[in-house]
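Chemist: A structural model of the following input is requested.
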Amino acid sequence: MKIIWFPLFTSLGTIALLYWIGNILHLSLLRFSFVLNEPLKNGLIFDADIAILPIVIGLIAGATVERKIKIRSN
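Modeler: Got it, this is the predicted structure:
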C-alpha cells in the first residue's frame, strides 16, 4: 500500500509546491498561467503557459521515494 501512495503524494506535492513558488515569485521556469482572452485571429480564446520543469522534478522525486521504499522493504 505504501509503495503506491507515498511516491504519488510526493510527486503531486512537489509539482504543486514548485508551481506555487513559481507563481508567487513570478519565475517563468516554474510558472503555470492560464489567461482567458477575447477570440484571436487564429481562433484561440485562451493563453496557457505551463512549465514542464516542475513535472520532471516531481516525477524524479516520486521515483526516488519509490526506490527508497523498495530498498527498505527488502
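Chemist: Listing request: residues of the chain with sub-threshold pLDDT.
Modeler: Counting by pLDDT under 70, the chain contains low-confidence ranges at 1-3, 37-38, 40-42, 44.
Chemist: Swap in 80 and give it another go.
Modeler: Counting by pLDDT under 80, the ranges of the chain that qualify are 1-4, 33-48, 74.
Chemist: Would you map the strands across it?
Modeler: 32-36, 46-50 (DSSP state E).
Chemist: Not counting its own residues, what contacts stretch 6-20?
Modeler: Under the contact criterion Cβ atoms under 8 Å, 6 or more residues apart in numbering, stretch 6-20 has outside partners 30-32, 51, 53-55, 57-59, 61-63, 65-66, 69. (Glycine included, C-beta is placed from N, CA and C.)
Chemist: Return the residues in contact with the nearest residue to Leu53 once chain neighbours are set aside.
Modeler: The shortest distance from Leu53 to any non-neighbouring residue, by Cβ to Cβ, 6 or more residues apart in numbering, is to Leu29 (5.3 Å). For Leu29, the contact set (Cβ under 8 Å, 6+ apart) comprises Gly22, Ala51, Leu53.
Chemist: got the strands of the chain as CSV, with distance to Thr14 and mean neighbour count columns?
Modeler: CSV is the format used below for the strands of the chain (distance: least, Cβ to Cβ, whole Å; neighbours: other Cβ atoms under 10 Å):
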stretch, distance to Thr14, mean neighbour count
strand 32-36, 14, 11
strand 46-50, 16, 10
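Chemist: Could you export those as a markdown table, including distance to Leu17?
Modeler: As requested, the strands of the chain are exported to a markdown table (distance: least, Cβ to Cβ, whole Å):
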| stretch | distance to Leu17 |
| --- | --- |
| strand 32-36 | 12 |
| strand 46-50 | 16 |
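Chemist: Find the centremost residue of the protein, please.
Modeler: Ile15 (3.0 Å; Cα atoms, centre = their mean).
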